[in-house]
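> requesting a structural model of the entry that follows:
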Amino acid sequence: MSEPNALTWEVLSDWLSRHPRPYWFFDLDGTLIDLASRPDAVSVSPDLIASLERLQARFDGRVAIVSGRSLADLESRVPVPITRVGNHGAEFRQGGARWVLPLDRRVQDAFDRLRPHLRALASQYPGAFLEDKGPTISFHVRHLRPSEANSARHALQRLMAREAGLVMRPAQACWEIRPEHGPDKGLALETLLGAGGDDEPIVFGDDVTDEDAFRAAARHHGLTVVVGPRRPTQAGYRLDRPSDLRDLLHRLTS
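Residues are numbered from 1 along each chain as shown. Predicted coordinates:
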């Protein structure tokens, strides 16, 4: 994986001129909006909402936010009738349709056994907290010292070793606990493109979990953009910060 190229206005305009049916895929936190100290502390500005509405209209509804947040959380924070995908592809809202990919009973039982142990572990580290989203759970360590975060990681790994069917994946200052063979953002992209025929993906993300979408988009000869400094990455292009992406969308849709 080489260093991604800078995504400039000229690069984006040229790509759009050669790809008449782009399907826009965005992560939310760290991509469209700046990261906050806690997931419930973020805000989505009216200007960004307006840009997404105009993008939706210009590209005939081919716009989706694919996030690790729950679908209910996404719908409350982004009240725009675009496609919203929560829990890394476990929950979908597209137009008037809403569907959830069910968890295997064995996986659900593993989550139920694990939850009290996760709550107890989080209580041992002041500043750590759980975000229970149903099909996935995030163990946040943003406010821990590096030594504490490392200790918490080892404790999580010991807990996870007891439960088959679940995996622990790194994300932005947290650990995502998810079904081992469950959905991911790449499968979400494939699902949404499946009915699109000639649609070509353009994907923006900042996190390790967005790499699944970058890989899937590459199979469709899409444009992939990592937002922020995280490396290595499968993305072909980069933007330095979420405000750069917001500026591009504002310019494109004004």
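> every contact and neighbour count from this point should use C-alpha atoms.
Fine.
> and the nearest residue to Met168 once chain neighbours are set aside, how many neighbours?
Leaving aside its chain neighbours, Met168 sits nearest to Ile177 (4.6 Å; criterion: Cα to Cα, 6 or more residues apart in numbering). Counted with other Cα atoms under 10 Å, the neighbours of Ile177 add up to 20.
> who is Ile177 paired with across the strands?
Following DSSP bridges, Ile177 is listed with bridge partners Ile137, Met168.
> residues touching it, list them.
Thr136, Ile137, Ser138, Phe139, Leu166, Val167, Met168, Arg169 (Cα atoms under 8 Å, 6 or more residues apart in numbering).
> pLDDT and neighbour count added to those residues, as a markdown table?
Shown next, in a markdown table, are those (pLDDT from 0 to 100; neighbours: other Cα atoms under 10 Å):
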| residue | pLDDT | neighbour count |
| --- | --- | --- |
| Thr136 | 92 | 21 |
| Ile137 | 94 | 22 |
| Ser138 | 94 | 23 |
| Phe139 | 96 | 25 |
| Leu166 | 93 | 22 |
| Val167 | 93 | 17 |
| Met168 | 94 | 19 |
| Arg169 | 90 | 14 |
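> farthest pair within those residues?
Between any two of the contacts of Ile177, the greatest separation by Cα to Cα is 14.0 Å, found for Phe139 and Leu166.
> what's the mean pLDDT across the longest helix seen in the chain?
When the chain is parsed with DSSP state H, its longest helix is helix 105-123. For helix 105-123, mean pLDDT is 94.
> buried ones in that helix?
If you call a residue buried by 16 or more other Cα atoms under 10 Å, then helix 105-123 has these buried ones: Val107, Gln108, Ala110, Phe111, Leu114, Leu118, Leu121, Ala122.
> quick one: buried residues of the helix or strand following that helix?
Next along the chain after helix 105-123, taking DSSP states H and E as the criterion, comes strand 129-132. Within strand 129-132, the residues that count as buried by 16+ other Cα under 10 Å are Phe129, Leu130, Glu131.
> nearest to Val63 among these?
Distance to Val63, by Cα to Cα, is smallest for Glu131 among the buried residues of strand 129-132, at 26.4 Å.
> list the contacts of the residue nearest to the closest one when sequence neighbours are not counted.
Take Glu131 and drop its neighbours on the chain: the residue closest to it by Cα to Cα, 6+ apart is Ser138, 5.0 Å away. Contacts for Ser138 (Cα under 8 Å, 6+ apart) come out as Leu130, Glu131, Asp132, Cys174, Trp175, Glu176, Ile177.
> now with 10 Å?
If you count contacts by Cα atoms under 10 Å, 6 or more residues apart in numbering, Ser138 has them with 68-69, 118, 129-132, 168-171, 173-178.
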